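Asker: the sequence isn't on hand, but the structure is:
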């Protein structure tokens, strides 16, 4: 019994030491340690933060079919538009916001006046499972994950009809390609600003995969990047990748875990906002939080 107790104490001590080491490894990324701020609350489930060129961050409250705009330092206003229960968001340009519209399993574009254009609503003659998150390549190709979370707002009898929970590439010319498959549940994804690499989360399998993006938009050279799942993801100007699971986990471009950022509520997604892109904006269940950073976000 005494030996078991000693081993337990040693394991707990080692765990605390490892967490302390990881915390110190990311201190240089944060402007002021412990500076997390709740900038808004009272939502049902916040998701999909996306930043425009002004540093404004748009995010969704999916159960309530709302899209909001955060402006520094702490102003949040509703964008009165029907986002069709949008999940992931990403700006194609300042005048067009691309949304994973979960209401009827589409990828749509929304302009400043709230006019909508359907970009993708099916693959090989069947409706999509449920577009979840997206990233836009510098050349305009839109990569999006198509997971399956059955929604109460779907029509009675709605079923999963795609044979894969996959990732797709939608090109400006209208072509749609399935570029990655074999996931348990694909979710967050983010690409490097040079357009050469794409990170994809298989949230249920608790793995992040890294792919090389080929000239035709297809993905190759699948390698394991991190042994964690993630809902949404972002990347900074040092190449560090930020994951959202029980915390915000930060990994270097080489795949080394630098540490964790504790959030009062379980985070769902993350992006860099503000005019200087040095504010980490985190959507987390009923709230939105921010942290002032030393590093900057990239598109």
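Answerer: Structure received. Worth saying up front: this structure is predicted, and the values here are computed from it rather than measured.
Asker: where in this structure is pLDDT low?
Answerer: 1-24 (pLDDT under 70).
Asker: please redo it, this time with the cut-off set to 90
Answerer: 1-25, 32-35, 73-74, 299 (pLDDT under 90).
Asker: so which residue is smack in the middle of it?
Answerer: Nearest residue to the geometric centre of the chain (CA atoms, centre = their mean): residue 232, 2.0 Å.
Asker: I'd say that residue and residue 133 touch.
Answerer: Yes - judged on CB atoms under 8 Å, residue 232 makes contact with residue 133 at a distance of 6.1 Å. C-beta coordinates here come from the backbone N, C-alpha and C atoms, glycine included.
Asker: now do the shared contacts for the two.
Answerer: Shared contacts of residue 232 and residue 133 (CB atoms under 8 Å, 6 or more residues apart in numbering): 48, 88, 187-188, 269.
Asker: can you pick out the most distant pair from those?
Answerer: Spanning the widest gap among these are 48 and 187, at 11.8 Å by CB to CB.
Asker: now the common contact residues for those two.
Answerer: Common contacts of residue 48 and residue 187 (CB under 8 Å, 6+ apart): 133, 232.
Asker: burial measure for residue 260, as a count.
Answerer: When neighbours are counted by other CB atoms under 10 Å, residue 260 registers 18.
Asker: and if you look at residue 294?
Answerer: Other residues close to residue 294 by other CB under 10 Å number 13.
Asker: equivalent analysis for the one 3 residues further on, please.
Answerer: A count of nearby residues for residue 297, using other CB under 10 Å, gives 24.
Asker: ditto for residue 161
Answerer: Residues contacting residue 161 under the criterion other CB under 10 Å number 15.
Asker: three-state assignment of it?
Answerer: Residue 161 falls in the coil class when you classify it by DSSP: H, G, I helix; E, B strand; the rest coil.
Asker: quick one, phi psi at it?
Answerer: phi -110, psi -20 (degrees, to the nearest 10).
Asker: what's opposite the nearest residue to it once chain neighbours are set aside in the beta bridge?
Answerer: Leaving aside its sequence neighbours, residue 161 sits nearest to residue 126 (CB to CB, 6 or more residues apart in numbering; 4.6 Å). Beta-bridge partners for residue 126, by DSSP bridges, are residue 123.
Asker: and the next helix or strand past whatever helix or strand residue 223 lives in?
Answerer: Residue 223 belongs to strand 219-226 when assigned by DSSP states H and E. Next helix or strand after strand 219-226 toward the C-terminus (DSSP H and E): strand 233-235.
Asker: that'll do, ta.
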